[in-house]
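Trainee: Predicted model, plus sequence, below.
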Amino acid sequence: MESKSPEETAPPRAGEELDAGKLLEWMARQSPEFTGPLHITQFPGGASNLTYLVRQGEREWVLRRPPFGTKAKSAHDMGREVRVLSALHRVFPYAPKPVLFCEDESVMGCPFYVMERLQGVILRKDLPPGFSLSPEDARTLCENLLDVQVALHRVDVQAAGLADFGKPEGYVRRQVDGWSERYRKARTQDVPDAEPLMKWLAEHLPPESGRAALIHNDYKFDNVVLDPKNPLRIIGVLDWEMATLGDPLMDLGCSLAYWVQADDPPDFQMARQLPTHLPGMMTRRELVARYAEKSGLPINDFHFYYVFGLFRLAVIAQQIYYRYALGQTTNKRFAQFGQFVTVLCRHAERVIATQGV
């Protein structure tokens, strides 16, 4: 096993620059410790909220804000993200600590917040230069990734002050209905209508389980930070914008939607965004079995949760593609998201046909 230096940043993408002067003026008003010029760069990846590295001398923070051109502010609620981090970092050591929160839209045109930076390695589509995993390392990393998710689902939300952070009752039905409505509103003519897929989900809702947990809703390799000294160890979990109280199996289903394994069909391989295909990486079936073992939850017919995860990911991609089609974002990497939607819908239909995972 070899590691690399912590996550690299780059100058902000065109159209996504921040006004360092205004930001410094506001930060200095919050505390006299924030003095001196700011240097702002942007993290790669991420298709929803934008993430920046803010440096002042040797000190570093991470700034999060909604994407430019956002119309649906409820989908990028910075206050909600700050609330869950403020409560969670005390009881879940992987959650970064927020430092400042700004609701004054005269500063940046939107609410935003600043949090501590977790220094470490983040895995994306391909392993970074200088980083390698043996098959044994890959399996250990998968086990650690899954175990942290189980630990999150075991957080005592009452003790954390998050007992009202969502409505677990009826969660699965609301998710299916809500994401179906979002897809219909965001659909463009060059993607499937997905009506049979949405109909299948609505007709195969599992019985109300009574399970309730704090769920991340976007838990995957590129939202966890690995220890640079021991990259098999997870030291942080990022991007809490979709966290809520809900059914933990829905969270697992959404995570596995990103999990493209080595024996998946070629078209689904093209949708791979994470290094989950490497030798030694666990299969989706193995991850579900480990989750059942570690959580103690009985899991039957997991394919509903996996199909939902694939569909929800397709809707997220379609909402971004819709903004691109309307010219609300000019990021060229979003131009391919329509094809991504088609592949995800097709794979969900295969899972329905085979009832596999």
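Mentor: Everything's here; your move.
Trainee: Low-confidence bits of the chain, can you list those?
Mentor: Filtered on pLDDT under 70, the chain yields the residue ranges 1-7, 45-47, 69-75.
Trainee: and the residue nearest to the spatial centre of it, what are its phi and psi?
Mentor: A centroid search over the chain (C-alpha atoms, centre = their mean) returns residue 218, at 3.1 Å, as the residue closest to the centre. In terms of degrees, to the nearest 10, the main-chain angles of residue 218 are phi -150, psi 40.
Trainee: quick one: it and residue 257 touch, right?
Mentor: No: Residue 218 is beyond contact range of residue 257, at 10.1 Å (criterion: C-beta atoms under 8 Å). Where you see a C-beta, it was placed from the backbone N, CA and C, and this is true even at glycine.
Trainee: residues contacting the residue nearest to the centre of the chain?
Mentor: Residue 218 makes contacts with 239, 241-242, 254, as judged by C-beta atoms under 8 Å, 6 or more residues apart in numbering.
Trainee: what helix or strand is residue 81 on?
Mentor: helix 78-88 (DSSP states H and E).
Trainee: Quick one: name whatever helix or strand follows that helix.
Mentor: strand 98-102.
Trainee: Give the pairing partners of that following strand; include direction for each.
Mentor: Next to strand 98-102 in the sheet, as set by DSSP bridges, lie strand 112-116 (antiparallel).
Trainee: number of nearby residues for residue 337?
Mentor: By the measure other C-beta atoms under 10 Å, the count of residues near residue 337 is 23.
Trainee: does it sit in a helix or strand, and which one?
Mentor: Assigned by DSSP H and E, residue 337 falls within helix 337-354.
Trainee: Just the buried positions in that helix, please.
Mentor: 337-349, 351-352 (16 or more other C-beta atoms under 10 Å).
Trainee: contacts for it?
Mentor: Helix 337-354 is contacted by residues 47, 188, 190-192, 194, 196-197, 200, 257, 264-265, 267-268, 270-271, 303, 306-307, 310-311, 313-314, 317-318, 320-321, 324, 357 when judged by C-beta under 8 Å, 6+ apart.
Trainee: now those: which count as buried?
Mentor: Buried among the contacts of helix 337-354 (16+ other C-beta under 10 Å): 47, 191-192, 194, 197, 200, 257, 264, 268, 271, 303, 306-307, 310-311, 313-314, 317-318, 320-321, 324, 357.
Trainee: residue contacts, residue 78?
Mentor: 49, 64-66, 101, 110-113.
Trainee: And the helices in this structure?
Mentor: Counting by DSSP state H, the chain has helices at residues 20-30, 78-88, 105-108, 135-153, 157-160, 171-186, 195-203, 248-256, 266-269, 284-295, 303-325, 337-354.
Trainee: CSV for the ones you listed, including distance to residue 278?
Mentor: Below are those laid out as CSV (distance: least, C-beta to C-beta, whole Å):
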stretch, distance to residue 278
helix 20-30, 39
helix 78-88, 31
helix 105-108, 39
helix 135-153, 5
helix 157-160, 35
helix 171-186, 30
helix 195-203, 30
helix 248-256, 16
helix 266-269, 13
helix 284-295, 14
helix 303-325, 21
helix 337-354, 20
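Trainee: Could you identify which of those helices is most buried?
Mentor: The highest mean neighbour count among these, using mean count of other C-beta atoms under 10 Å, belongs to helix 248-256: a mean of 25.
Trainee: That one to helix 303-325, inter-axis angle?
Mentor: Here the directions of helix 248-256 and helix 303-325 differ by 50 degrees (axes from the mean of the first three to the mean of the last three C-alpha atoms, to 10 degrees).
Trainee: Tell me what angle helix 248-256 forms with helix 171-186.
Mentor: Interaxial angle of helix 248-256 relative to helix 171-186 (the same axes, to 10 degrees): 40 degrees.
Trainee: Other residues contacting helix 248-256?
Mentor: By C-beta under 8 Å, 6+ apart, the surrounding residues in contact with helix 248-256 are 149, 153, 171-172, 175, 209, 211, 213, 215-220, 284, 287-288, 291, 295, 297, 299, 302, 304-309, 312-313, 357.
Trainee: what distance separates the helix holding residue 81 from the centre of its chain?
Mentor: Mean-position distance between helix 78-88 and its chain equals 15 Å (C-alpha atoms, centre = their mean, to the nearest Å).
Trainee: if I pick the residue lying closest to residue 162 once chain neighbours are set aside, what's in contact with it?
Mentor: Of all residues not flanking residue 162 in the chain, residue 87 sits nearest, at 5.2 Å (C-beta to C-beta, 6 or more residues apart in numbering). Residues in contact with residue 87 (C-beta under 8 Å, 6+ apart) are 160-162.
Trainee: Considering those, which is situated nearest to residue 15?
Mentor: Closest approach between these and residue 15, by C-beta to C-beta: residue 162, at 35.2 Å.
Trainee: wait, what's in contact with that closest one?
Mentor: By C-beta under 8 Å, 6+ apart, the residues touching residue 162 are 84, 87-88, 155, 214, 245.
Trainee: before we move on, back to that, neighbour count added to the contacts of residue 78, as JSON lines?
Mentor: Converted to JSON lines, those look like this (neighbours: other C-beta atoms under 10 Å):
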{"residue": "49", "neighbour count": "19"}
{"residue": "64", "neighbour count": "25"}
{"residue": "65", "neighbour count": "22"}
{"residue": "66", "neighbour count": "21"}
{"residue": "101", "neighbour count": "18"}
{"residue": "110", "neighbour count": "16"}
{"residue": "111", "neighbour count": "21"}
{"residue": "112", "neighbour count": "25"}
{"residue": "113", "neighbour count": "21"}
